[in-house]
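> Fold the stuff below for me.
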Amino acid sequence: MRRFRGLSPSRNDLVDVRRRQGPARGAEFGADITPDRRDALGTIYPWEGAPRVASVFNRGTKHKPLWYMKFKEAGVWRMVPSRMPTKHRARKRAEEVEARIAEGKVGIPEITEGEVAQKRMTVAALGDRFVKEYTGRKVKNLKNYRREVGYLLGKHVWPKEPEPGRGWLGRRLVAEVNREDLRRLRDEMLADELSNATVKITLAYLSRMFNWAREEGIIDCPNPVALVEKPSVAGQADNFDFLSAEEVCKLLAWSLTNQQTEHPLYATAVYTGMRMGELYGLRWVDVNFERDVISVRRSYRSTPKSNKTRHVPINPRLRPILKAWEDRCPASVEGLVFPTVAGDMRSKDSEYGYAAALTKSGCRDLNFHALRHTFASHFIMSGGNILTLQRLLGHSSVAVSMKYAHLAPDFMKVEVGRMAYPERSADSEEAQSAA
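Residues are numbered from 1 along each chain as shown. Down below sits the predicted model:
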């Protein structure tokens, strides 16, 4: 490439100049070319006096990056570590440096107290703030949500007394957490034989925590959970268990004698299929004995899961149990059907003797939600319709209810048997052939 000696460079020469790397190489073209000279396309000359553009680059590895900044100060190109954990934050720091130089200040800005605290914040500390300060608009019961998040993450991510090799993520600095860390957490939880659903919701809570912290300006780094593959829960919803008819009789008979305050609750659960929160939030004003129907309007103090009220008929075997319980039910300010002995609303964190009732009555050890599966399963096995079951359970779509369809062996057979083609008689066939 030719040297310029007082002549205006051609367009091709300008393109060549622009491609040269570094200001030292551009200086060889002479001081007679001023930074004001540009071609019609506005090509910038990469030498002394031209607009400075800071850049960042990684001098470490892919998994342990060391982001450096390159900028020009006082006519000298400098290359210094940004001390930032991500490329995004390193670029922002480089832009700050360049802006300060343009204002005549020292290039590297001082680290603020907020940045110092941010760099020292651990995942567990951020989690504590999230549990205390998060106010999501779409969360129906914020108190229960915070309790659930705190319990789940506190158990699997930052336990107070972790087992050897566990709880390491809670001690990591937020700024240093990357996707590999979240993949390791996911794989460890799956190796501990936790369900895919538990692992998936744990990652979902962590993702929401990082997004919330970014929106609030608490952290300034990407969400490391965003691109981590979540375990699939497809098909797991079909793996449920329920009490047999014999076990239901055992549970109700034992509780009637030994656990009289819980007997009406168990009976309502197996005869209506209501969820735990819907049972705990049920009011007497929602029980209509004249029409023999229960209006499911609440889950605890919020709306049901579907956000819609549904109406469940009172089974003839359940009616006398509820009627007798109405006279003995502890008084409560909210008129609850199943309050505690003190008249307060029950909490899902306490089992109120349910596990003991199963054991002592000779039933298998199943969670409380299994009573809902028990109602749905026996409803279908008794010849109930899937569409009716959907309305009784309050499912958002019939596809959710279809997991119980396999319990009706004759279900598809009967439905297919409804279809028939009209058969042609022998007389009509003879008449047609004669014609």
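> low-confidence ranges in the stretch 301-435 of the chain?
For the stretch 301-435 of the chain, residues meeting the criterion pLDDT under 70 lie at 409-416, 418, 423-435.
> Assumed residue 56 was part of a strand.
Yes - under DSSP: H, G, I helix; E, B strand; the rest coil, residue 56 falls within a strand.
> Dig out what it forms beta bridges with.
With DSSP bridges applied, residue 56 shows beta-bridge pairing to residue 69.
> What's the local residue count around it?
Around residue 56 there are 20 other residues, counting by other CB atoms under 10 Å. No exception for glycine: its C-beta is placed from N, CA and C like everyone else's.
> can you pull the contacts of it?
By CB atoms under 8 Å, 6 or more residues apart in numbering, the contact set of residue 56 is 67-70, 82, 87, 90-91, 94.
> repeat for residue 92
Counted by CB under 8 Å, 6+ apart, residue 92 has contacts 84, 220.
> Pop out the phi and psi values for it.
When read as degrees, to the nearest 10, the backbone of residue 92 gives phi -60, psi -40.
> Begin at 31 from now on, thanks
All right, first residue 31 from here; so that's residue 122.
> how near is it to residue 99?
Per CB to CB, to the nearest Å, residue 122 is found 10 Å from residue 99.
> Ok, residue 193 next?
According to CB to CB, residue 193 and residue 99 sit 42 Å apart.
> So which residues lie in contact with the strand or helix carrying residue 241, not counting its own?
Using DSSP states H and E, residue 241 sits within helix 226-245. With contact meaning CB under 8 Å, 6+ apart, helix 226-245 is reached by 156-157, 159-160, 164, 166, 179, 182-183, 186-187, 204, 212, 215-216, 219-220, 249-251, 253-256, 258, 260-263, 266.
> Report how many residues lie close to residue 204.
Neighbour count of residue 204, defined by other CB under 10 Å: 23.
> hang on, isn't it packed against residue 150?
No - applying CB atoms under 8 Å as the test, residue 204 and residue 150 come out as separate, 9.2 Å apart.
> And the helix or strand following the helix holding residue 241, how far out from the chain middle?
Counting by DSSP H and E, the next helix or strand C-terminal to helix 226-245 is helix 275-288. A distance of 38 Å separates the centroid of the chain from that of helix 275-288, by CA atoms, centre = their mean, to the nearest Å.
> Buried residues, the next helix or strand after helix 275-288. List them.
Scanning forward in sequence from helix 275-288 by DSSP H and E, the next helix or strand is helix 293-302. Using 16 or more other CB atoms under 10 Å as the test for burial, helix 293-302 gives 293-302.
> Could you do stretch 214-229 as well?
For stretch 214-229, a neighbour-count test (16+ other CB under 10 Å) marks 215-216, 218-219, 226, 228-229 as buried.
> Strands along the stretch 281-430 of the chain, start to end?
317-318, 323-326, 340-343 (DSSP state E, counting those that start in this stretch).
> can you redo these as CSV with mean neighbour count and distance to residue 277?
What follows is those, written out as CSV (neighbours: other CB atoms under 10 Å; distance: least, CB to CB, whole Å):
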stretch, mean neighbour count, distance to residue 277
strand 317-318, 16, 26
strand 323-326, 20, 24
strand 340-343, 16, 22
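> Could you dump the ones you listed into TSV and include distance to residue 357?
What follows is the strands of the stretch 281-430 of the chain, written out as TSV (distance: least, CB to CB, whole Å):
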stretch	distance to residue 357
strand 317-318	13
strand 323-326	18
strand 340-343	22
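> ok, back up a step: residue 284: which of the buried residues of stretch 214-229 is nearest?
residue 228 (31.1 Å; CB to CB).
> what's the pLDDT at that closest one?
For residue 228, the pLDDT comes out at 88.
> Then residue 107?
With respect to pLDDT, residue 107 scores 81.
> Quick one: buried ones out of the contacts of helix 226-245?
By 16+ other CB under 10 Å, those give 156-157, 160, 164, 179, 182-183, 186-187, 204, 212, 215-216, 219, 249-251, 253-255, 258, 261 as buried.
> Check the gap between residue 90 and residue 169 for me.
Residue 90 sits 40 Å away from residue 169, taking CB to CB as the criterion.
> Same question for residue 210.
For residue 210, the distance to residue 169 (CB to CB) stands at 30 Å.
> and what of residue 215?
Computed with CB to CB, the distance linking residue 215 and residue 169 is 24 Å.
> How about the contacts made by residue 340?
Residues near residue 340 by CB under 8 Å, 6+ apart: 325-326, 334, 421-422, 424.
> what about 7 Å?
Shown in contact with residue 340 (CB atoms under 7 Å, 6 or more residues apart in numbering): 326, 421, 424.
> The last one against residue 337, yeah?
Meaning residue 424. No - in this structure residue 424 lies outside contact range of residue 337 using CB atoms under 7 Å: 9.8 Å.
> who has more neighbours, these two?
residue 424 (21 against 11).
> May I have the phi/psi pair for that one?
phi 80, psi 30.
> Perfect, that will be all.
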